[in-house]
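Asks: Got a predicted structure here, sequence first:
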Amino acid sequence: QVRLVESGGGLVQPGGSLRLSCAASGFRISRFGMRWYRQALGKERELVATITASGTSTNYADSVKGRFTISRDNAKNTLYLQMDSLKPEDTAVYYCNAPRSPPADDYWGQGTQVTVSS
């Protein structure tokens, strides 16, 4: 059974840090480029960061560039998102994603809530 399980979310003060993890089972993430998305309440889902299957190339949304770092450990079958200098506008549910073709067949996690508030 294919599963993606996010963890590491929580409540943090502005300027703080969190590290999200996404543990995969039932498939090997080494075959996939991977993505982190987020969705704030009442807003559309936003692509936050992407990483190639080998981990050699990453891309970020302008809103998080320089503050977030996506990484992966293919041996552990796990994806990560290091989030530093967090802002209230980073508050959202964060999802990991393994893109497939067609997109309707993508693998998704259940999401983890990140709340940035004083």
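Replies: That came through, no problem.
Asks: And the strands in the protein?
Replies: For the chain, applying DSSP state E gives strands covering 3-7, 10-12, 18-25, 34-39, 46-51, 58-60, 68-73, 78-83, 92-98, 107-108, 112-116.
Asks: neighbours around the closest residue to residue 8 other than its chain neighbours, how many?
Replies: With sequence-adjacent residues excluded and distances taken as C-beta to C-beta, 6 or more residues apart in numbering, residue 8 is closest to residue 20, at 4.3 Å. For every residue, glycine as well, the C-beta is placed using N, CA and C. Applying other C-beta atoms under 10 Å, we find 24 residues neighbouring residue 20.
Asks: same question, residue 102
Replies: 6.
Asks: what does residue 91 give?
Replies: Other residues close to residue 91 by other C-beta under 10 Å number 17.
Asks: on that earlier part again, generate a markdown table for the strands of the chain, with mean pLDDT as supplementary columns.
Replies: Below are the strands of the chain laid out as a markdown table (pLDDT from 0 to 100):
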| stretch | mean pLDDT |
| --- | --- |
| strand 3-7 | 97 |
| strand 10-12 | 98 |
| strand 18-25 | 98 |
| strand 34-39 | 98 |
| strand 46-51 | 98 |
| strand 58-60 | 98 |
| strand 68-73 | 98 |
| strand 78-83 | 98 |
| strand 92-98 | 97 |
| strand 107-108 | 96 |
| strand 112-116 | 98 |
